[in-house]
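Visitor: Provided below for reference: sequence and predicted model.
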Amino acid sequence: MLKRNNFWLTAALVTGLAIPAWGPAWAAETTADTVVATVNGVDITVGHMIATKSVLPEQYQSLPDNVLFEGILEQLIQQTVLSQSLEGEQSRVITLSIENELRTMRAGDALDAKIADAITNEAIQAAYEARFADAEPSTEYNASHILVETEDEAKEIRKMLDEGADFADLAKEKSTGPSGANGGELGWFGPGMMVKPFEDAVISMKAGDISDPVQTQFGWHILILNETRRQDAPSIESIREELEAEIQQEAVEVTITALTDAATITRAEEDSIDASVLSNIGLLEN
């Protein structure tokens, strides 16, 4: 159905672009029931047009309303005349699709209402405090390293540093890691971001310290801790969207669980229906 709508709207927009845009002269008097066209006695209203726009693909949603107006109106007129041309009883596919669409839209409205009630400033504050009230400030580290293949190479580099060699110059010359070209600088990182032997060595150091050789799965490292800084909990505003999403997800789960538990639900016996029926469109023709 979406592909058909895209085809109709694309064709309708081409037509609509050639027609003068509807101006604001009548806008102040408009309601959802305002009739914009009548096709063989069937009214098309502003409400129909608004509902049509609300489900358009994103690339059409971004178009100006004065461009969309004629395109949407043409689409609705075309759909109306085509619908009126269909003879005989409505097909079962249409009837069932309408039932499914109505079920989907009502379910969405029900969830939207629950979510709107759940996302309050108080709920956001509570979620923030639950996550960070007992959180201790963490420490972030800024370090550089020189990575080599063997312990003997690492020991030799440490000796050169003790004798006054410049760490960044040695990193550029000796390091096999990708940070070597940048003087071995790794930037800022927090707990859990580095492999454990590396992290343990850094945590035990003070700013300016140079480590003994440290082995990881990547090879042997000589580290220098450049500086540290305290990392406090993020502000509530900086993670507000994340907290809202968390509350929303919880509201959805609670609502669905509560309504499902309270409902009387019976299911067909397991394995009594072959799953392959999903692909048997011919059943809808009977």
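Guide: Done, it's in. Numbering: from 1, shown residues only.
Visitor: could you list the low-pLDDT ranges of the chain?
Guide: The chain contains residues with pLDDT under 70 at 1-28, 286.
Visitor: report the secondary structure element holding the residue nearest the centre of it.
Guide: With distances taken as Cα atoms, centre = their mean, the residue of the chain nearest its centroid is A245 (10.0 Å). A245 is part of helix 240-262, with elements assigned from DSSP states H and E.
Visitor: cool, T228 as well?
Guide: strand 219-231.
Visitor: in that strand, what's buried?
Guide: Neighbour-count burial for strand 219-231, counted by 16 or more other Cβ atoms under 10 Å, picks out 219-226, 228. Bear in mind the C-beta positions are built from the backbone N, C-alpha and C, glycine included.
Visitor: please tell me how far the residue nearest to the centre of the chain sits from A110.
Guide: According to Cβ to Cβ, to the nearest Å, A245 and A110 sit 19 Å apart.
Visitor: could you give the separation of stretch 102-112 from the chain centroid?
Guide: Put simply, stretch 102-112 sits 21 Å off its chain's centre (Cα atoms, centre = their mean, to the nearest Å).
Visitor: tell me where the stretch 101-250 of the chain has helices.
Guide: With DSSP state H, counting those that start in this stretch, the ranges of helices along the stretch 101-250 of the chain come out as 121-132, 151-162, 167-174, 196-203, 240-262.
Visitor: in a markdown table, list the ones you listed along with distance to S83.
Guide: Formatted as a markdown table, the helices of the stretch 101-250 of the chain follow (distance: least, Cβ to Cβ, whole Å):
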| stretch | distance to S83 |
| --- | --- |
| helix 121-132 | 45 |
| helix 151-162 | 78 |
| helix 167-174 | 73 |
| helix 196-203 | 67 |
| helix 240-262 | 35 |
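Visitor: so which of those is nearest S62?
Guide: Closest to S62 of the helices of the stretch 101-250 of the chain, according to Cβ to Cβ: helix 240-262, at 21.7 Å.
Visitor: hmm, who's touching that closest one?
Guide: Helix 240-262 is contacted from outside by 110-111, 114-115, 117-119, 123-124, 127-128, 236, using Cβ atoms under 8 Å, 6 or more residues apart in numbering.
Visitor: quick check: PyMOL command selecting the buried ones in those residues.
Guide: This is how PyMOL selects the buried members of these, with burial counted by 16+ other Cβ under 10 Å:
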select buried, resi 114+115+118+119+123+124+127+128
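Visitor: quick one: which of the contacts of helix 240-262 is nearest to E285?
Guide: Of the contacts of helix 240-262, the one sitting nearest to E285 (Cβ to Cβ) turns out to be A110, at 33.1 Å.
Visitor: can you give the distance of stretch 270-278 from its chain's centre?
Guide: Worked out by Cα atoms, centre = their mean, stretch 270-278 lies 34 Å from the chain centre.
Visitor: now do the end-to-end distance for that stretch.
Guide: 16 Å (Cα to Cα, to the nearest Å).
Visitor: what does stretch 189-204 give?
Guide: One end of stretch 189-204 sits 15 Å from the other (Cα to Cα).
Visitor: give me the contacts around stretch 139-156.
Guide: For stretch 139-156, contacts defined as Cβ under 8 Å, 6+ apart pick out 157, 167-168, 170-171, 174-177, 179-180, 183-191, 198, 202-203, 213, 215, 218-231.
Visitor: in it, what's buried?
Guide: 141-148, 153-154.
Visitor: narrow the residues you listed to those in strands?
Guide: Those of the buried residues of stretch 139-156 mapping onto strands are 141-148, per DSSP state E.
Visitor: thinking again about what came up before, and the strand holding T228, how far out from the chain middle?
Guide: Distance, stretch centre to chain centre, for strand 219-231: 34 Å (Cα atoms, centre = their mean).
Visitor: now swap in stretch 119-138 and tell me
Guide: Centre to centre, stretch against its chain (Cα atoms, centre = their mean), the figure for stretch 119-138 is 22 Å.
Visitor: what's the answer for stretch 75-93, then?
Guide: In terms of Cα atoms, centre = their mean, the centre of stretch 75-93 is found 37 Å from the chain centre.
Visitor: same check, this time on stretch 147-160
Guide: For stretch 147-160, the separation from the chain centroid amounts to 46 Å (computed by Cα atoms, centre = their mean).
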